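Q: this one's structure only:
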């Protein structure tokens, strides 16, 4: 049995876990959550967690929010520079691996039981076809799972930093609004937690009604939580319209990823936001935007789409990668 340290690192939160792996699967036996921005780097969080655990681990893998090149990553949404060598030296873990956070999430999807998904579109999955995983949180992660003839292999991307492609006059106005602030507008400037807040502020600026209570909550609290809660409860017009636009843009980008990768094995919507707004994602606007691909519309209807309900999917994938035992799980 392998005992490993797994990490799912986000711009807002860091999840660490001790996991045991054997032929029966992956078991998370101890877990903790940390506020990423309260620490100067990942090594401080890992050192604190291992001191709490008091148990040696054979290896560690961390899913990190950014491109991993030659064992190092400069995280775009955190002021951290991470390297496998430095983490191993600082924490005393014998072997440390860094992978993209959505590469970890994608691996975790393959180890998640059917009850861990909520279907948005049943589709007709093609055997051993490419699968795509994307999800909104602090940013917008994207990864692919590609069959090599024996098992699925993960391919990380930075697709969330590709350009936002607006549909319709309102989204074109949003793009122009964001261009004035950012210059180049990536899709994660819209489809992310901060993106939802940007959409809300844009709509309020256009005159859509909102309450003082909501406006205060967006500025002083957790904007995504405030907007999502009022939108789903139908208690604030600006919040409702913001979530409508967000879900439509999210579905369109999911469809773009599916087409670019020909992900006829399925599209999985992971990340921290999707389970919280599941009711909105199920109302048809997400899937309608996913399918709205002109001559490819019929193909889009065949692609299964599901929301990943489990918060720990990234931890499962990181644990599998840390143990170096992917084959039993990735079939």
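A: That came through, no problem. Just so you know, these numbers come straight off a predicted model, no measurement behind them.
Q: quick one, strands of this structure?
A: 2-9, 13-22, 25-35, 59-64, 72-74, 81-83, 96-100, 117-121, 131-136, 140-147, 152-156, 266-270, 305-308 (DSSP state E).
Q: The last one: how far from the chain's middle?
A: By that I understand strand 305-308. 12 Å (Cα atoms, centre = their mean, to the nearest Å).
Q: just to revisit the earlier point, with mean pLDDT and distance to residue 296 added, can I get the strands of the chain in TSV?
A: (C-beta placed from N, C-alpha, C; glycine too.) Below are the strands of the chain laid out as TSV (pLDDT from 0 to 100; distance: least, Cβ to Cβ, whole Å):
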stretch	mean pLDDT	distance to residue 296
strand 2-9	93	33
strand 13-22	91	36
strand 25-35	90	36
strand 59-64	95	31
strand 72-74	94	34
strand 81-83	95	38
strand 96-100	94	27
strand 117-121	98	15
strand 131-136	96	15
strand 140-147	95	18
strand 152-156	92	22
strand 266-270	97	14
strand 305-308	98	15
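Q: what's the most buried one of those strands?
A: Ranked by mean neighbour count, the strands of the chain are led by strand 131-136 with a mean of 29 (mean count of other Cβ atoms under 10 Å).
Q: So which elements touch that strand?
A: helix 101-110, strand 140-147, helix 237-261, strand 266-270 (3 or more Cβ pairs under 8 Å, 6 or more residues apart in numbering; DSSP states H and E).
Q: so how far is the shortest one from its chain's centroid?
A: If you compare the mean C-alpha spot of strand 266-270 with that of the full chain, they lie 10 Å apart, counting by Cα atoms, centre = their mean.
Q: repeat for the third one
A: Here helix 237-261 is found 14 Å from its chain centre; the criterion is Cα atoms, centre = their mean.
Q: can you pull the buried residues of that helix?
A: 237-258, 261 (16 or more other Cβ atoms under 10 Å).
Q: Who are the contact partners of residue 308?
A: 105, 109, 112, 116-117, 133, 135, 268-271, 274-275 (Cβ atoms under 8 Å, 6 or more residues apart in numbering).
Q: if I look at it, how far off is residue 187?
A: Between residue 308 and residue 187 the computed distance is 19 Å (Cβ to Cβ, to the nearest Å).
Q: Over to residue 114?
A: Computed as Cβ to Cβ, the residue 114 to residue 187 distance reads 29 Å.
Q: quick one: which of the two has more around it?
A: Using other Cβ atoms under 10 Å as the criterion, residue 114 and residue 187 rank with residue 187 on top: 26 against 7.
Q: so who does that one touch?
A: So residue 187 contacts 140, 159, 160, 161, 162, 163, 164, 165, 249, 253 (Cβ under 8 Å, 6+ apart).
Q: and the two most separated of these?
A: The distance between the two most remote of those (Cβ to Cβ) is 15.2 Å, for 161 and 249.
Q: And the helices and strands packed on strand 131-136: which comes nearest residue 181?
A: helix 237-261 (16.6 Å).
Q: Quick check: mean pLDDT of the closest one?
A: In this model, helix 237-261 carries a mean pLDDT of 98.
Q: and of the strands of the chain, who's closest to residue 288?
A: Taking those one by one with Cβ to Cβ, strand 117-121 is closest: 10.4 Å.
Q: Relative to residue 156, how far out is residue 227?
A: 30 Å.
Q: wait, what's in contact with the closest residue to residue 19 other than its chain neighbours?
A: Closest residue to residue 19 apart from its sequence neighbours, by Cβ to Cβ, 6 or more residues apart in numbering: residue 319 at 3.8 Å. Each residue near residue 319 by Cβ under 8 Å, 6+ apart is listed here: 4, 6, 17, 19, 21, 26, 28, 61.
Q: ok, those residues vs residue 96, which is closest?
A: Nearest member of the contacts of residue 319 to residue 96, counting by Cβ to Cβ, is residue 61, at 7.5 Å.
Q: Including distance to residue 84, could the contacts of residue 319 go into JSON lines?
A: Converted to JSON lines, the contacts of residue 319 look like this (distance: Cβ to Cβ, whole Å):
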{"residue": "4", "distance to residue 84": "15"}
{"residue": "6", "distance to residue 84": "15"}
{"residue": "17", "distance to residue 84": "19"}
{"residue": "19", "distance to residue 84": "19"}
{"residue": "21", "distance to residue 84": "20"}
{"residue": "26", "distance to residue 84": "22"}
{"residue": "28", "distance to residue 84": "22"}
{"residue": "61", "distance to residue 84": "10"}
